[in-house]
Structure formats: C-alpha cells, structure tokens
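> sequence isn't available, so here's the structure alone:
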C-alpha cells in the first residue's frame, strides 16, 4: 500500500485538492442561490422563469466560475498544455462539462424521486439520493475534466 501511495502521490494530492475545491464551489453555489432568493420576492416569475430557476442558475454560474479559477490555479498543476486550459476554449469546455454534470445530477435525483414514498420519510430518501448524486457527479467531473481539459503531460517510458 505504501508503494502505491508513493508511486501515485501526485494524483492522490490532485484528487484531494479537487474534492476541497468542489466543496468550496458548492458553498459558493449555495450562497449565490441564497442571495437571489433573498433579493427576489417569493413567487416571483418572469417569462415562466421562477425565482428558484433563477437562483439555481445564478448559483451554478458563481460556483462554476469559482471552481474554474481554482482548478487552473490550484487543483490541476501538472497539465500538458496549461495555456489551452486557461483559454476561452478551455473555460467553455469546463462550463459545458459542468452543465452535463448538472444534468446527470438532476437525472439521478429524478430517478430516485420515483421511489420516494411517504412524505415524512422523503428527507432520508433525498439525503441518500443526494449523496449518490454527489459521488457520481464528482467522479464524472474529475474524469471528464482530466480527459478533455487538464491532460497530464506524456511521459517517456522506456
């Protein structure tokens, strides 16, 4: 086990940094959404967009920008083409992959909601679904960003 940790130390630290930034980005997302909910009156609607839709969208935007900035400066340190990941194209890829992750999470929550039974037990069921959704989207986000944006440099193995 010690050899595995020693051999994979960089990737382990990268994953730990990714998780830390993910938690912080989730907090930023939540606070951004709460700010909109605080500003908008309850029941506010504009062209079929509710205050919940607006809050969710604004929170996601705040969270993804925060996550991107820390991903390029703190999480992914060993990148093949750092200038590509820091470009408008890299940011666009980051946002698109984030939106796909968002839809994966929404899909997981909707699938689990089919099985929610009694109203008084929903919070337990919601918590379990939320934990599973978070785990799946965490893995998806890390792998997709590593493959499409923050590729590690190729090493010469002889």
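Great, that's in hand. Everything numeric in this text was worked out from a predicted model, so none of it was measured.

> next, the buried residues of the top helix by length along the chain.
If you go by DSSP state H, the chain has its longest helix at helix 9-39. For helix 9-39, burial by neighbour count (16 or more other CB atoms under 10 Å) applies to 14, 17-18, 21-22, 25, 28-29, 32-33, 36-37. (C-beta placed from N, C-alpha, C; glycine too.)

> please enumerate the helices of this structure.
Going by DSSP H, the chain shows helices at 2-7, 9-39, 51-70, 82-85, 88-114, 122-148.

> if you compare those, which one is most tucked away?
helix 51-70 (a mean of 18; mean count of other CB atoms under 10 Å).

> name the helices or strands packed onto that helix?
In this structure, helix 51-70 packs against helix 9-39, helix 88-114, with contacts taken as 3 or more CB pairs under 8 Å, 6 or more residues apart in numbering; DSSP states H and E.

> quick one: the last one to helix 122-148, angle?
This means helix 88-114. Relative orientation of helix 88-114 and helix 122-148, computed by axes from the mean of the first three to the mean of the last three CA atoms, to 10 degrees: 150 degrees.

> show me how the protein divides into domains.
For the chain, automatic domain parsing gives the domain ranges 1-78, 81-152.

> roughly how far out does the longest one sit from the chain middle?
Shown here is domain 1-78, whose average C-alpha point lies 5 Å from the average C-alpha point of the whole chain (CA atoms, centre = their mean, to the nearest Å).

> ok, now the last one?
In terms of CA atoms, centre = their mean, the centre of domain 81-152 is found 5 Å from the chain centre.

> mind checking the end-to-end distance for that domain?
8 Å (CA to CA, to the nearest Å).

> the nearest residue to residue 153 once chain neighbours are set aside: neighbouring residues, count only.
Nearest-residue entry for residue 153: residue 80, 4.4 Å, with adjacent residues in sequence omitted and distances by CB to CB, 6 or more residues apart in numbering. Residues lying near residue 80 (other CB atoms under 10 Å) number 11.

> so residue 80 makes contact with residue 151?
Yes. Counting by CB atoms under 8 Å, residue 80 does reach residue 151; the two are 4.6 Å apart.

> could you list the low-confidence segments of the protein?
Scanning the chain for pLDDT under 70 picks out 1-2, 4-5, 41-45, 116-123, 154-158.

> redo that, cut-off 80
1-8, 40-53, 80-81, 113-127, 153-158 (pLDDT under 80).

> thanks a lot, see you next time.
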